[in-house]
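# Prediction below, plus the sequence it came from.
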Amino acid sequence: MKALVTGGGGFLGSALVRALLAKGEAVRVLARGEYPELASLGAELVKADIRDAAATAKACEGMDVVFHTAAKAGGWGDPREFEAINVQGTLNVLAACRAGRVPHCVYTSSPSVVHAHHDVEGGTEALPYPARYLAHYPRTKALAEQAVLEAADADLETISLRPHFIWGPGDRHLLPRLLARAKAGRLRQVGHRDVKTDTIYVDNCVDAHLSAWDALRAGKPVSGKPYFVSDDAPIGVWTMANRMLAAAGAGPVGRPVPAWLAYGLGATLEAVHRLFGLQKEPLMTRFAASELSHAQWYDISAAKRDLGYAPRVSIDEGLRRLAASFA
């Protein structure tokens, strides 16, 4: 089978590429950078941007499935860039799938598309999209997810996965930022509660994507539906942060600051950055303060039932592997 992975040079994307190659599939990577290590494993590389509709259409030609993992993440940035990559880029991928007669598209979404900034404990896919978002990332990911789900029909079967807090060896974003702040003495706990959150080890996340494709190929009634996927072991967000830092030989997180103070600081810093046109992400944002001070874990019964998904790497095992990667 022939698979295209958009954003195949990223943390999740590259892990997915390796897993597909290990299964004997022919893999094409659509990414903005150059990744010779993936080429050396046998992947075909296409250096392009999903904002380029023509290049995206060409990359999709002859594919049996598209795993759309490419996105602009973060709690701060130019709204036009979030729109162009997350929304228009996804529309380009969907149009390319239709033009290339690609039968299946597996989209990587996020639970933040339905998080309304209050505690969510055991939430299901029945949760509605909120009326207001605190950042352009969840807003544009929600628009993209809706487009993916609405595109589902007999010619193009689509599915949306909502992994939260993807972690593990090879992470070039989340853990490095935690480490940098911890070493600079600027990592503080937001709020006095160690609220529980979902996590998903990168190998489990890859398994979820492959399970979704298997379910589509098997003709199961999953097209046009979203699914939460996780390690199925909610854990305190600060407990997890400290365990990850310890695996990297750093930490722990500093003493807590009140959640209301962090939220207020985020609002102030956002206003200052907008006033002076600062592009660098503020030290704190309202989105980050809300994410870190509210429980966020979801029931993955639907993914287990419909996709046959089951996490095979526990948090303890994942942390052992993470520590080994630093050693």
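Cool, the structure landed. Because the structure is predicted, anything quoted here is derived from the model rather than measured.

# The stretch 101-250 of the chain: strands as residue ranges?
104-108, 120-123, 157-163, 166-167, 188-190, 196-197, 200-201, 225-229, 235-236 (DSSP state E, counting those that start in this stretch).

# tell me the angle of the third one relative to strand 104-108?
Yep, that's strand 157-163 we're talking about. 20 degrees (axes from the mean of the first three to the mean of the last three Cα atoms, to 10 degrees).

# Give me the distance from the helix-or-strand element of the chain with minimal mean pLDDT to the chain's centre.
Lowest by mean pLDDT, DSSP states H and E among the helices and strands of the chain is helix 174-183, with a mean of 90. Its chain's C-alpha centre and that of helix 174-183 lie 18 Å apart, by Cα atoms, centre = their mean, to the nearest Å.

# pull the CA atoms of it into CSV?
The C-alpha coordinates for helix 174-183 follow below in CSV (Å, rounded to 0.1, in the frame of the first residue of the first chain):
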residue,chain,number,x,y,z
LEU,A,174,7.4,20.0,24.5
LEU,A,175,10.1,18.5,26.6
PRO,A,176,12.9,20.8,25.3
ARG,A,177,10.7,23.8,26.3
LEU,A,178,10.1,22.3,29.7
LEU,A,179,13.8,21.6,30.2
ALA,A,180,14.8,25.1,29.0
ARG,A,181,12.4,26.8,31.5
ALA,A,182,13.4,24.5,34.3
LYS,A,183,17.1,25.2,33.8
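
# hang on, the earlier thing: mind putting the strands of the stretch 101-250 of the chain into TSV with distance to L4, mean neighbour count and mean pLDDT?
In this view, the C-beta of every residue, glycine as well, is placed from N, C-alpha and C. Listed next are the strands of the stretch 101-250 of the chain as TSV, based on distance: least, Cβ to Cβ, whole Å; neighbours: other Cβ atoms under 10 Å; pLDDT from 0 to 100:
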stretch	distance to L4	mean neighbour count	mean pLDDT
strand 104-108	10	27	98
strand 120-123	31	15	98
strand 157-163	14	25	98
strand 166-167	20	22	98
strand 188-190	38	20	96
strand 196-197	31	22	98
strand 200-201	22	28	98
strand 225-229	21	24	98
strand 235-236	34	16	98
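
# Please determine how far Q88 is located from D155.
According to Cβ to Cβ, to the nearest Å, Q88 stands 22 Å off from D155.

# between these two, which one's more packed in?
Q88 (17 against 11; other Cβ atoms under 10 Å).

# Serialize the strands of the stretch 101-250 of the chain to CSV and add fields for distance to V5.
Listed next are the strands of the stretch 101-250 of the chain as CSV, based on distance: least, Cβ to Cβ, whole Å:
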stretch, distance to V5
strand 104-108, 10
strand 120-123, 28
strand 157-163, 14
strand 166-167, 15
strand 188-190, 34
strand 196-197, 27
strand 200-201, 18
strand 225-229, 17
strand 235-236, 29
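
# Name the residues of the least confident helix or strand of the chain that are buried.
By neighbour count on 16 or more other Cβ atoms under 10 Å, the buried set for helix 174-183 is 174-175, 178-179, 181-182.

# Specify which member of the residues you listed is nearest to H104.
Nearest to H104 out of those is L174 (Cβ to Cβ; 28.7 Å).

# Show me the beta-bridge partners of the closest residue in space to the closest one that isn't next to it in sequence.
Once flanking residues are discounted, L174 sits nearest to W167: 6.5 Å by Cβ to Cβ, 6 or more residues apart in numbering. Beta-bridge pairing of W167 under DSSP bridges involves Y201.

# doesn't Y201 make contact with W167?
Yes - because the distance of 6.3 Å satisfies Cβ atoms under 8 Å, W167 is recorded as touching Y201.

# who touches both of these two?
The contact sets of W167 and Y201 overlap at G318 (Cβ atoms under 8 Å, 6 or more residues apart in numbering).

# how near is Y309 to V17?
20 Å.

# With neighbour numbers in mind, choose between these two.
V17 (31 against 25).

# So which other helices or strands are in contact with the least confident helix or strand of the chain?
strand 166-167, helix 237-247 (3 or more Cβ pairs under 8 Å, 6 or more residues apart in numbering; DSSP states H and E).

# ok, and what's touching it?
165-167, 187, 241, 244-245, 248, 250-253.

# Lowest-confidence member of those residues, which is it?
Within these, pLDDT reaches its minimum at G251, with 79.

# hang on, that one packs against N242?
Yes - contact criterion Cβ under 8 Å: G251 and N242 qualify, at 5.4 Å.

# now the angle from the least confident helix or strand of the chain to helix 237-247?
Between the axes of helix 174-183 and helix 237-247, defined by the same axes, to 10 degrees, the angle is 90 degrees.
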